[in-house]
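Q: Kindly return the folded structure for what I paste below:
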Amino acid sequence: MVVMVIISMLAMLSIPAFQKIQRRSRSTTIASDFRTFGGVFNTYAQEKGSWPADTDPGEVPAGLEGQLNSTAWARVTPMGGRYNWEQDQLHAGVRYKAAIAISGTAESPLVVDANQLLDIDVVIDDGNLSTGSFRTGANGDGLFIIER
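A: Model (predicted):
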């Protein structure tokens, strides 16, 4: 009986640590995707002189079919939703010319977790969701601004 109590207590203590490790892993994956995709979009803008047009979540913008890893772009992100290219938008009083968002869709809803967003911000930006390049988007989603 004592052994069972000790094992259950150890399990109770390890579950939060395991969940934190999972959240950090998802954050690192998303931050890596943002950096990779951001590089592709910057290269496109340098070559073409403008940003690609807006697209729906998971849809590869025109002209990037061969450059953007369409499998990674169209897949469901580790926090649900899909990556979404946004151009010339206004959010919370901040106008930006180019950004990548994570947007929920009917078939892949976004699971918004404030701790997850903050972890992503710590990995990719300044650790503050109200400032810098990574912010909370219009629907509580993640928004990685490439150019203001």
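Q: elements contacting the helix or strand bottoming out on mean pLDDT in the chain?
A: Each helix and strand of the chain was given a mean pLDDT (mean pLDDT, DSSP states H and E); the minimum falls on helix 70-74 at a mean of 85. When contacts are defined as 3 or more CB pairs under 8 Å, 6 or more residues apart in numbering; DSSP states H and E, helix 70-74 sits against helix 2-48, strand 82-91. Where C-beta positions appear, they are placed from N, C-alpha and C, glycine not excepted.
Q: so how many other residues sit close to residue 122?
A: Counted by other CB atoms under 10 Å, the residues lying close to residue 122 total 15.
Q: Not counting sequence-adjacent ones, nearest residue to it?
A: If the residues on either side of it in the chain are set aside, residue 122 comes closest to residue 27, at 7.6 Å by CB to CB, 6 or more residues apart in numbering.
Q: Contacts only, for that neighbour.
A: For residue 27, the contact set (CB atoms under 8 Å, 6 or more residues apart in numbering) comprises 116, 119, 120, 122, 123.
Q: Dump those residues into JSON lines; add distance to residue 4 and secondary structure as well.
A: Listed next are those as JSON lines, based on distance: CB to CB, whole Å; DSSP: H, G, I helix; E, B strand; the rest coil:
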{"residue": "116", "distance to residue 4": "34", "secondary structure": "helix"}
{"residue": "119", "distance to residue 4": "34", "secondary structure": "helix"}
{"residue": "120", "distance to residue 4": "39", "secondary structure": "helix"}
{"residue": "122", "distance to residue 4": "38", "secondary structure": "helix"}
{"residue": "123", "distance to residue 4": "39", "secondary structure": "helix"}
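Q: Of the residues you listed, which count as buried by neighbour count?
A: Neighbour-count burial within those applies to 116, 119, 120, 123; the criterion is 16 or more other CB atoms under 10 Å.
Q: List just the nearest of those residues to residue 59.
A: Using CB to CB, the shortest approach to residue 59 within these belongs to residue 120, at 22.3 Å.
Q: any idea how far the closest one lies from residue 24?
A: Using CB to CB, to the nearest Å, one gets 10 Å for the distance from residue 120 to residue 24.
Q: can you check residue 47 too?
A: Per CB to CB, residue 47 is found 35 Å from residue 24.
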